[in-house]
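>>> Sequence and computational prediction follow.
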Amino acid sequence: MRESISRRVVGITASLLTAAPASALACPVCALVGPSDNTWAYQAMSAMLTLLPLAMVGAIVWWLARLAARADTERPPATQHLVDRAPVGGAETYSAVARVE
Amino acid sequence: MRGWDGGRHTSNRPRLVANADTDLDAMTAMEQAVRVVRPGARREVVPSGLLGMVIFVGTEVMFFAGLISAFTISKAGAPRDAWILPAGQVLPLASTAVNTVALFASGALLWVAGRQYRARSSSATQTLLAATFFGALFVMLQGREWVGLIGHGVTLRSSALGAFFYVIVGAHAMHAMAALAGLGVAWWRLRAGRLSYGFFLAAQTFWYFVVLIWPVIYARVYF
């Protein structure tokens, strides 16, 4: 019974706020109040602060992926056959050469 | 991301694996096999110093975005007659434009220095010094303007515009001084023949950030 009343209260409140969104402003000093309408500033800056980090992270990932792809394509063809016939015991091979050095 | 030392062989690791620009022609087939098939070998596609600086610059971009956001919203919500400096003062648009030219000149010179460094590192010494000089000139001219404004009673507490002006432009000036220190260290190491390419790229990236964020600040705060 108590749960049912709580659900109704939440439902009615959500419906009212959806019908009158100005009443749902969480910040008392936000847009639509005061001597001038600064709604555009809130919306523009919210969009900027949301999109800017996504754009930067995306740009860095794209940049690194491009560098990695370029590093792959710039592998000298003369060594490609060595990759194709790479020995299973590569680690041992490396150790052997390191000792020689 | 190991092994990047700007072409200088400073590592104690086996030479074949530690240096990305080893001459492949001079390597034996065995050596090439080691280089290519070593299990778990990591490739370096970008110097670690540069990648770290790029991530740091990303956080600084968000720092300035927050400041400019606060400025824009406050300005949009303030009455027009309240968004002024005390005693009828105005922000020095013209002289700051001259300072901006000095900053852009510094950025252009650093770009030239980068090209010279890639061609022959020692040839970039003078250009790098000139870029640092123009950057320092920008900071000094900005400081002179601040002294004038403070003399006319424009302080952090005089008005909301004054507070935003000093916080945003001051934050940029602090970044400029830190970047200039980086350029100075780069110049010193270059003169001594100890400058790694990774350090140079990191210092260059930080200074480009200082140069490129300034027009945004200038256009938003001064106009």
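Received the coordinates, thanks.
>>> does whatever helix or strand B:G162 lives in come close to chain A?
Using DSSP states H and E, B:G162 sits in helix B:160-191. No - contact of helix B:160-191 with chain A is not found when judged by C-beta under 8 Å from any C-beta of the partner chain; the minimum separation is 13.5 Å. No exception for glycine: its C-beta is placed from N, CA and C like everyone else's.
>>> Just list what that helix packs against, helices and strands only.
On a contact count with 3 or more C-beta pairs under 8 Å, 6 or more residues apart in numbering or on different chains; DSSP states H and E, helix B:160-191 meets helix B:48-77, helix B:125-151, helix B:197-217.
>>> After the first one, which helix or strand is next? Please name it.
Following helix B:48-77 in sequence order, the next helix or strand is helix B:93-119 (DSSP H and E).
>>> Give me the angle between that next one and helix B:197-217.
160 degrees (axes from the mean of the first three to the mean of the last three C-alpha atoms, to 10 degrees).
>>> ok, now how distant is A:I5 from A:I12?
11 Å (C-beta to C-beta, to the nearest Å).
>>> make that A:L64, sorry
51 Å.
>>> Please compare those two by neighbour count and tell me which comes out ahead.
A:L64 (14 against 10; other C-beta atoms under 10 Å in any protein chain shown).
>>> Could you double-check that the more buried one sits in contact with B:E44?
No - A:L64 is not in contact with B:E44 according to C-beta atoms under 8 Å; the separation is 11.5 Å.
>>> how long is stretch B:143-162 end to end?
With C-alpha to C-alpha, to the nearest Å applied, stretch B:143-162 spans 15 Å between its terminal residues.
>>> That stretch: which residues count as buried?
Under the neighbour-count criterion of 16 or more other C-beta atoms under 10 Å in any protein chain shown, stretch B:143-162 has B:146, B:149, B:154, B:158-159, B:161-162 buried.
>>> Find the helix or strand that A:T13 is a member of.
Counting by DSSP H and E, A:T13 is found in helix A:2-19.
>>> Check which element follows that helix along the chain.
helix A:39-73.
>>> and that following helix, what other elements does it pack with?
Against helix A:39-73 (3+ C-beta pairs under 8 Å, 6+ apart) you get helix B:48-77.
>>> report the angle between the axes of the helix it packs on and helix B:160-191?
Using the same axes, to 10 degrees: helix B:48-77 against helix B:160-191 is 170 degrees.
>>> Please name every helix or strand in contact with helix B:48-77.
helix A:39-73, helix B:160-191, helix B:197-217.
>>> rewinding a little: winner for burial among the helices and strands packed on helix B:160-191?
Across the helices and strands packed on helix B:160-191, the average number of neighbours (mean count of other C-beta atoms under 10 Å in any protein chain shown) peaks for helix B:197-217, which reaches a mean of 21.
>>> could you give the mean pLDDT of that helix?
For helix B:197-217, mean pLDDT rounds to 96.
>>> what about B:R42, which SS state?
Under DSSP: H, G, I helix; E, B strand; the rest coil, B:R42 falls in the coil class.
>>> do the same with B:L156
coil.
>>> From B:V167, how far off is it?
8 Å.
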